[in-house]
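Participant: Provided below for reference: sequence and predicted model.
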Amino acid sequence: MGLLVAALLAVGCGPISGRTHIDYVDFIRSGGLDYMAVWGPGRALTDADLGPVQFHVRTMLSGAGKEPSYQPKDGDAAFVPSGTPVYAVQGYAATFRLAAHHDGRLVLYEVSDNPRARTGRALLDIGGKVSTIAMTSTTDGRTVLGRIVEPTQVATLVNLVLDAPVDDQRHGELAGFVSFELRDGTATTQTYYRDVPMLARGILVPRDFAAVMDQLLANGPTPTPIPAAVNLSHRYGLDQAIRVSIKRQDPPMGVLQDPAAVQRFAAALDVDLPTMPAPALPSNYTIVIFEFADHYVSLAYDPPGNTVTVVVPGDNFAVRPTPQFTELVRSAH
């Protein structure tokens, strides 16, 4: 399953002492459906948003020692502890949204795929619930390039999405993120592939929808040039992260939940570093992920090339790491 390893976040798996290390994305599984944690625009959930308990987590897979061949089962979760209740979200079908507490926060999950879905309506329970539609930048997923606010047009566009056919085998080139800003203040954000055209989960939107989204992209502001030197810690607020993950092949490494580790890594990048265009990455690079409550910052470290490339957000530049950063990555275990 694609959920076992995050293609964007993880380098892969590697042997250690005869065992295999697996890096999971934050997901839960229920009713044969996979739900992914949502980080993005919109307000955070509160306990007042919770509906009835749907089930209790059967197994937390992170740290459970499962083999790579293990197929997640209903009730499994990556990081939600075993026995934790998983709730419906008020106002939404449980086949679209669920919520659960872990690591001291309430996390929203949205369905990532549904093999039974034939139209967008089976994937997105947003009919009559959208107030505005925003196109956001691929750089950070939050900078608004344009927004549709007229109620009739919003409703028309939403219906085009809900009635659109689904083909989860299609692929496309990322152009932006479409954020359906909901009346309760939350939002659901879908990747937009202009060349197909398609939204995430294989929703094949019609040309009428795509034309409006393309216009929002065309009207967006010119990206701000990257300065000659960047302090990564200040630019991305790295010292405010809740944890750091190091994902590499040799030796394998997982999540560092010690808050002191966050501060050490942030401090190692708290200096102005000259920038350069993002280089092509080799197959054996190391990913260092700073995870926040509502987003993450992902850095690709290439030891042979001695570069750190900003992968998420997609700022498309690299720097030479400090010796302190290099040593922290090398010695992490």
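Facilitator: It's in. Numbers count the residues shown, from 1 in each chain.
Participant: When you work out contacts or count neighbours from here on, use the C-alpha atoms and nothing else.
Facilitator: Noted.
Participant: the helices in the chain, which residues?
Facilitator: Using DSSP state H, the helices of the chain run over residues 151-163, 207-218, 232-236, 259-268, 323-331.
Participant: Met276 is nearest to which of these?
Facilitator: Met276 sits nearest to helix 232-236 of all the helices of the chain, at 13.4 Å, using C-alpha to C-alpha.
Participant: how about that closest one: buried residues?
Facilitator: Neighbour counts over helix 232-236 (16 or more other C-alpha atoms under 10 Å) mark 232-233 as buried.
Participant: Return the distance of that helix from the chain's centre.
Facilitator: Mean-position distance between helix 232-236 and its chain equals 19 Å (C-alpha atoms, centre = their mean, to the nearest Å).
Participant: same thing with stretch 147-167?
Facilitator: Here the centre of mass of C-alpha atoms in stretch 147-167, compared against the chain's by C-alpha atoms, centre = their mean, lies 23 Å away.
Participant: Dump it to PDB, keeping only the CA atoms.
Facilitator: What follows is stretch 147-167, C-alpha atoms only, in PDB (Å, rounded to 0.1, in the frame of the first residue of the first chain):
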ATOM      1  CA  ARG A 147     -10.400  33.300  -4.700                       C
ATOM      2  CA  ILE A 148     -13.900  32.700  -6.000                       C
ATOM      3  CA  VAL A 149     -16.500  34.400  -3.600                       C
ATOM      4  CA  GLU A 150     -19.700  34.800  -5.600                       C
ATOM      5  CA  PRO A 151     -22.100  32.300  -4.100                       C
ATOM      6  CA  THR A 152     -23.800  31.100  -7.300                       C
ATOM      7  CA  GLN A 153     -20.400  30.500  -9.000                       C
ATOM      8  CA  VAL A 154     -19.100  28.700  -6.000                       C
ATOM      9  CA  ALA A 155     -22.100  26.400  -5.900                       C
ATOM     10  CA  THR A 156     -21.800  25.700  -9.600                       C
ATOM     11  CA  LEU A 157     -18.100  24.900  -9.400                       C
ATOM     12  CA  VAL A 158     -18.600  22.600  -6.400                       C
ATOM     13  CA  ASN A 159     -21.300  20.700  -8.200                       C
ATOM     14  CA  LEU A 160     -19.000  20.200 -11.200                       C
ATOM     15  CA  VAL A 161     -16.500  18.600  -8.800                       C
ATOM     16  CA  LEU A 162     -19.100  16.400  -7.000                       C
ATOM     17  CA  ASP A 163     -20.500  15.100 -10.400                       C
ATOM     18  CA  ALA A 164     -17.000  14.500 -11.900                       C
ATOM     19  CA  PRO A 165     -16.000  10.900 -12.600                       C
ATOM     20  CA  VAL A 166     -13.100   9.400 -10.700                       C
ATOM     21  CA  ASP A 167     -10.100   7.500 -12.100                       C
END
